[in-house]
Each structure stands twice: as structure tokens, then as C-alpha cells.
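Any chance you can model this:
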Amino acid sequence: WRKIVGDIIKETAAMRAAASRLESRVVEHAGEIAQLRAQLDAAGRNNQLDPVSGVASSKSLEQALAEAMRSVDRAIARANGAAATDGAPSSPGPGLSFLLVDLDQFHAFNAANGRKLGDLVLKATARNLAMAIKGADTIGRLDGASFGIVLTRTELAGAEALAERLCTLIASLRIEVADHERAADPRLAPVTVSIGVSTYRPGEPPKRLIGRASRACEHATETGGNRAVSERAIAVVGRPKA
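The predicted structure follows:
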């Protein structure tokens, strides 16, 4: 009996040790999984932001615009369904507009002051644009010195008024850098922007909405910059609407 009891005690101790090792390994694997998930989440957040300006990346901006378009289309479909049921006139749905913002003469600025200061100007411009829009709206960097702004629940007239205010805001900025970062005068020349304004036409693809804003922005640049031009002006300057 003593031998049997001794063998049972040894086997129990061995089983406990094996269970402890298994439990430790499970915890280790759980920790690795949690760490991997944290790394993936951080990578996802980083992919959503432009590394230079700190606002949304172009991909995130495109996703926000596509979702805003779907939201408008769903609202219109619901309104049309309700109108068909009770005979009331259908609602036009919530407004959706888009701004394309381009820094004037940015290539010349980079050539004169260096890319480091160019990145500083991009960041300062993006931050001030982001502070001037409402929380439901989205600003992102498209490419180079261009930004896009998705304006939810905003009709064309409201988007035009905001674009004018943004032009004035950016032109009023005075960016200064430390002496050791720049050999010349630390006060940089004023920065200005050209802005194109367009509004969503239900059912159209994103590229048409962006295309009208882009052509309006080009016209603003060609006529001197530091101004906002609406899609209303595209036909006036001889360019057909999308």
C-alpha cells in the first residue's frame, strides 16, 4: 500500500507540473496574441493617418466620402419610400459637399525653403483647416499639397461660404521657425490656398464629385490663387460640368 500511495503521489505531482507548464504556455500564447492584436490595431490607425500632415490619409478620406454618399442615398430612398406611402412630397435628403484645397505655389516654396519647412507648413495648414470644420466632417491629404474635405449635411451655398472663410483663415496665418532651423529670417512668407467647391448629386460616383471640385480649384489657381471657386463657375469659364 505504501508503494501504491507513493506512486500515486508521484504521478499526481507530475500531472500538476505538466498542467502548470501547459497553463504557463497558454498564458504566454494569450500574451503573444494580445500583443499581435495591439500591433495590428496600431498599424491600422497609422494607415488611417497621413504621416506628414497628421490628418486622414487619402484612402481614409475616400472611405469617408463613399460612406457619406451611401448615407445620403439611403436617406433619400427612405424619404421616397415614405412619400410613396403617404403621398407627401419627397425630401431632397441631407446635403453633402466636397472641398479640394491646394496650397498656392507650394513647389516654389519647397524649392526656396526646403522640404523640412514645407512639411511644417503642410502640418500647420492641415491643423487649422481641421479646427475650422465640424466634428462630423473629414479632412484628409490627397497628395502633394492638396487636401480634401468631406462636408456632411452641407448644401453648396454653405460649402461656398465655408471655403471663403478658410481662404481668409489660412492667409492670416503667420508661421515662424527657430533660427537654428533656418539661416534667413525666421518669419515665413504668408501661405495661401485655392479651394474648389462641389456638391453631391445623388447616384454619381465619387470621382465626378471630386472632379468638379478639382476643376474649380484649378480655375482658382489660374486666376491668382487665395480664393474659392464653386462648381457653379465651371460652365462660365468654358469647362463642362461632370
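
In contact with Gly54, which residues?
Going by CB atoms under 8 Å, 6 or more residues apart in numbering, Gly54 touches 123, 126-127. C-betas here are computed from N, CA, C, even on glycine.

Any regions of this protein where pLDDT drops low?
1-9, 12, 18-47, 82-93, 177-189, 235-242 (pLDDT under 70).

repeat that with 80
Applying pLDDT under 80 to the chain flags the ranges 1-47, 80-94, 175-190, 235-242.

Please verify my assumption that Thr192 contacts Thr221.
No: with contacts defined as CB atoms under 8 Å, Thr192 does not count as touching Thr221, sitting 10.3 Å away.

okay, and the common contacts of those two?
Asp104.

hmm, back to that, let's have the contacts of Gly54 in CSV, adding secondary structure and neighbour count.
Below are the contacts of Gly54 laid out as CSV (DSSP: H, G, I helix; E, B strand; the rest coil; neighbours: other CB atoms under 10 Å):
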residue, secondary structure, neighbour count
Lys123, helix, 16
Ala126, helix, 21
Arg127, helix, 15
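
so where do the helices sit in the protein?
Remark: helices assigned in the chain by DSSP state H are 2-48, 58-86, 106-113, 115-132, 156-171, 206-222.

what about Ala130, distance to Ala220?
Per CB to CB, to the nearest Å, Ala130 is found 21 Å from Ala220.

Over to Arg115?
25 Å.

for Leu173, same thing?
Distance from Leu173 to Ala220, by CB to CB: 18 Å.

of those two, who's got more company?
More neighbours surround Ala220 than the other of Leu173 and Ala220, with 27 against 15 (other CB atoms under 10 Å).

Apart from its chain neighbours, what residue comes closest to the more buried one?
Ser194 (3.7 Å; CB to CB, 6 or more residues apart in numbering).

Counting neighbours, what do you get for that neighbour?
Using other CB under 10 Å: Ser194 sits among 26 other residues.

so it bridges to which residues?
Following DSSP bridges, Ser194 is listed with bridge partners Asp102, Arg227.

Make sure it is actually in contact with Arg215.
No: Ser194 is not in contact with Arg215 according to CB under 8 Å; the separation is 11.8 Å.

coming back round to it: can you pull the contacts of the residue nearest to Ala220?
Ser194 neighbours (CB under 8 Å, 6+ apart): 101-102, 104, 217, 220-221, 225-229.

and the gap between it and Phe98?
15 Å.

C-alpha coordinates for stretch 125-132, CSV please?
The C-alpha trace of stretch 125-132 is given here as CSV (Å, rounded to 0.1, in the frame of the first residue of the first chain):
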residue,chain,number,x,y,z
THR,A,125,-2.3,74.2,-42.7
ALA,A,126,-3.9,70.9,-42.1
ARG,A,127,-4.3,71.6,-38.4
ASN,A,128,-6.0,74.9,-38.9
LEU,A,129,-8.3,73.5,-41.6
ALA,A,130,-9.3,70.6,-39.3
MET,A,131,-10.1,73.1,-36.4
ALA,A,132,-12.4,75.1,-38.6
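
That stretch: which residues count as buried?
Buried residues in stretch 125-132, defined by neighbour count with 16 or more other CB atoms under 10 Å: 125-126, 129-130.
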